[in-house]
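In: next input, structure requested:
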Amino acid sequence: MKNKILLTIYKIFEEWGGVIDAACRKGCSSCCTQNVTITAQEGVEILRYIVDQEMSKWLLEKLQSSGDHQAPTTTTNDFAAACLEGKNLDQGDQQNFAACPFLNNNICRIYPVRPFSCRLFLSTTPCSPSQPALVPDYYFEAATAISQLLEHLGQKKYWGNMLDVLPALLDSSEFKEIEGRLGPIITRKARLQTLTASPLPGFLLSEEYAPKISPLIESIFLAEIDGKSIEDILNGK
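Out: Below you'll find the model as predicted:
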């Protein structure tokens, strides 16, 4: 059920954002850094793809050689909750411009199952390390709202940097063989660096852009999975 919701949200957001004339093309990888956060559900989709494509050995090599990476200090929904309560949260410096280890010749090896943190990136002009991406402000607000929904979908489970969530998820019986080959040190450290996904406290939408973004959120809520709307499923109905 959750994987169907995840893929539906991906599809609806992609169609909604498809009206933007993006300059991004295959081989563009300036935004492909280690600053990728994922939910546990997204991690499961990635791991299943890797197993299906017989890429487990490749994954082990990447996780063992990924080196130091930054773990976020707060989840998107925890940050949103603080903002909505008028509190200030110091998120620290989360910028790490080291290239994502899942790239090969600037091409993503897990592209079909890339997480939303990767899917949301686009630019209306060609970008580079010295030329930042140019994106409409409303698009970032919409992407944040979708990130909040995905965290709500994965609440009470792992949330954090992709390079931590993936090894943390190996404790599942489905991926035990990979965990045994990776070793306990990396997996234990990864679990300590993950956070727990929180429920949606409310959307961080500005008055200026809410009218443009609300139809996107509504279309997601009204979408049906196995005869039930996503809104009802998320609300436990």
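In: which elements pack onto the lowest-mean-pLDDT helix or strand in the chain?
Out: The helix or strand of the chain with the poorest confidence is helix 176-182; it has a mean of 83 (mean pLDDT, DSSP states H and E). The contact analysis (3 or more Cβ pairs under 8 Å, 6 or more residues apart in numbering; DSSP states H and E) places helix 176-182 against helix 56-65. In this view, the C-beta of every residue, glycine as well, is placed from N, C-alpha and C.
In: any buried residues in the next helix or strand after the helix it packs on, and which?
Out: Once the chain leaves helix 56-65, the next helix or strand it forms, by DSSP states H and E, is helix 76-84. Going by neighbour count (16 or more other Cβ atoms under 10 Å), the buried part of helix 76-84 is 76-81.
In: with stretch 25-43 instead?
Out: Buried-residue list, stretch 25-43, by 16+ other Cβ under 10 Å: 28, 30-43.
In: distance from it to the middle of the chain?
Out: Centroid separation for stretch 25-43 versus its chain: 8 Å, with Cα atoms, centre = their mean, to the nearest Å.
In: number the chain from 53, please
Out: Renumbered: residue one is now 53, and that last one reads stretch 77-95.
In: show me what the mean pLDDT comes to for it.
Out: Stretch 77-95 comes out with an average pLDDT of 87.
In: what does stretch 65-74 give?
Out: 87.
In: then it to PDB, C-alphas only?
Out: This file holds the C-alpha atoms of stretch 65-74, laid out as PDB (Å, rounded to 0.1, in the frame of the first residue of the first chain):
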ATOM      1  CA  PHE A  65       4.200  15.900  -8.600                       C
ATOM      2  CA  GLU A  66       6.100  15.200 -11.800                       C
ATOM      3  CA  GLU A  67       3.100  16.000 -13.900                       C
ATOM      4  CA  TRP A  68       2.400  19.200 -11.900                       C
ATOM      5  CA  GLY A  69       6.000  20.400 -12.200                       C
ATOM      6  CA  GLY A  70       6.200  19.300 -15.900                       C
ATOM      7  CA  VAL A  71       5.000  22.700 -17.000                       C
ATOM      8  CA  ILE A  72       8.300  24.200 -16.000                       C
ATOM      9  CA  ASP A  73      10.800  24.300 -18.900                       C
ATOM     10  CA  ALA A  74      13.800  22.700 -17.100                       C
END
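In: residues in contact with it: which ones?
Out: Residues outside stretch 65-74 that contact it (Cβ atoms under 8 Å, 6 or more residues apart in numbering): 168, 171-172, 174-176, 187-188, 191, 194-195, 198, 268, 271-272.
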